[in-house]
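Visitor: Mind folding the following:
(one chain, ligands or ions: 1)
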Amino acid sequence: MAKQTTLTLQKMKEQGEKITMVTAYDYSSATLAQLAGIDTILVGDSLQMVMLGDDSTIACTMDTMVHHTKAVVKGAPETFIVMDMPFGSYNISQQQAIENASRLMKEGRGDAVKLEGGTDMEHVIKAVVDAGIPVVGHIGLTPQTTAKLGGFKVQGKGEAAKEVLEDALAVERAGACMIVLECVPGELAAFISEKLTIPTIGIGAGNKTDGQVLVYHDLLGLFDKFVPKFVKVYKNIGNEIVEGIKEYISDVKSSAFPEEKHIFGGVSKEDLKDL
Ligand code: KIV
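Guide: Below you'll find the predicted structure:
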């Protein structure tokens, strides 16, 4: 399969073909996602939670993002890779945003950056796009600002729908190539997806968006702190891993492992006799 680009992703929207996105944070998860035929990978700052054990994404740094993105790009060189800009790396000034987005492109070597925010971030998105860097927007529930939003809550219910729509329009106007809609009512996400010309990628946003994204650890049952309502656990690999490690422990305790086939030869009792 040829590598997706901003143009082919745009074409997919125009042709009504759904876009698939999954997060990955290291070489092996990226390799498997590419092997499965995913359209796009997101190196999400959610890695701060599912890989590093924090209860939010806030502490994620540029160094962490660069470190993980490099591994993902090595594992999935034929996949369109989106890199999250961490909290505090783009909110101070347009110059700061351009510098950090450039660093992610140069050192991480993904294909686009993603940053959170709508009307409040329009000027920043425009500045980064004008600097030649593809930007993916992210509106609705924006995990980096859950403190301001009052927690992990669905956004855009009732009259608040207008604000989310305005955010979406601002992100498109600023020149973003794609937009993530997180935790918004399905009807609103469908309306926004119709209204925008750029592809919309939903997470907890119903099934009428142009594509879907899920966190790798969520869809594979690898993260058990909580499972949001919008997640479908496709395979429970977490249980498989625990079973595998239990068997290993039991085999080691009983000396059933290593077996003859796992052991290097080349020294006989005779060789050891006079040592
Ligand atoms: O960091 C992340 O995984 C994300 C997704 C929830 C879209 O931003």
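Visitor: hey, let's count contacts and neighbours off CA atoms from now on
Guide: Noted.
Visitor: all helices of the stretch 101-250 of the chain, in order?
Guide: 122-130, 146-149, 161-173, 186-195, 216-219, 237-253 (DSSP state H, counting those that start in this stretch).
Visitor: The helix or strand of the chain with the lowest mean pLDDT and the ligand, any residue contact?
Guide: Scoring the helices and strands of the chain by mean pLDDT, DSSP states H and E places helix 146-149 at the bottom, with a mean of 90. No. Helix 146-149 is not in contact with the ligand by Cα under 6 Å from any ligand atom; minimum separation 12.5 Å.
Visitor: about what we covered before: between the helices of the stretch 101-250 of the chain, which has the poorest mean confidence score?
Guide: Note on the helices of the stretch 101-250 of the chain: lowest mean pLDDT is at helix 146-149, with a mean of 90.
Visitor: which residues touch that helix?
Guide: With contacts defined as Cα atoms under 8 Å, 6 or more residues apart in numbering, helix 146-149 is touched by L141, F152.
Visitor: how far does that helix sit from the chain's center?
Guide: 20 Å (Cα atoms, centre = their mean, to the nearest Å).
Visitor: Check stretch 252-265 too.
Guide: Its chain's C-alpha centre and that of stretch 252-265 lie 40 Å apart, by Cα atoms, centre = their mean.
Visitor: Write out the residues of the stretch 151-275 of the chain neighbouring the ligand.
Guide: Counting by Cα under 6 Å from any ligand atom, the stretch 151-275 of the chain sits next to the ligand at V215.
Visitor: so which residue of the stretch 151-275 of the chain comes closest to the ligand?
Guide: Nearest residue of the stretch 151-275 of the chain to the ligand: V215, at 5.5 Å (Cα to the nearest ligand atom).
Visitor: Against A127, how distant is that residue?
Guide: For V215, the distance to A127 equals 29 Å [Cα to Cα, to the nearest Å].
Visitor: list the contacts for the residue of the stretch 1-150 of the chain found nearest the ligand?
Guide: Residue nearest to the ligand within the stretch 1-150 of the chain: G44 (3.3 Å; Cα to the nearest ligand atom). The neighbourhood of G44, defined by Cα under 8 Å, 6+ apart, consists of T23, A24, Y25, M83, D84.
Visitor: Nearest to P258 among those residues?
Guide: Of all the contacts of G44, P258 sits closest to Y25, with 31.7 Å by Cα to Cα.
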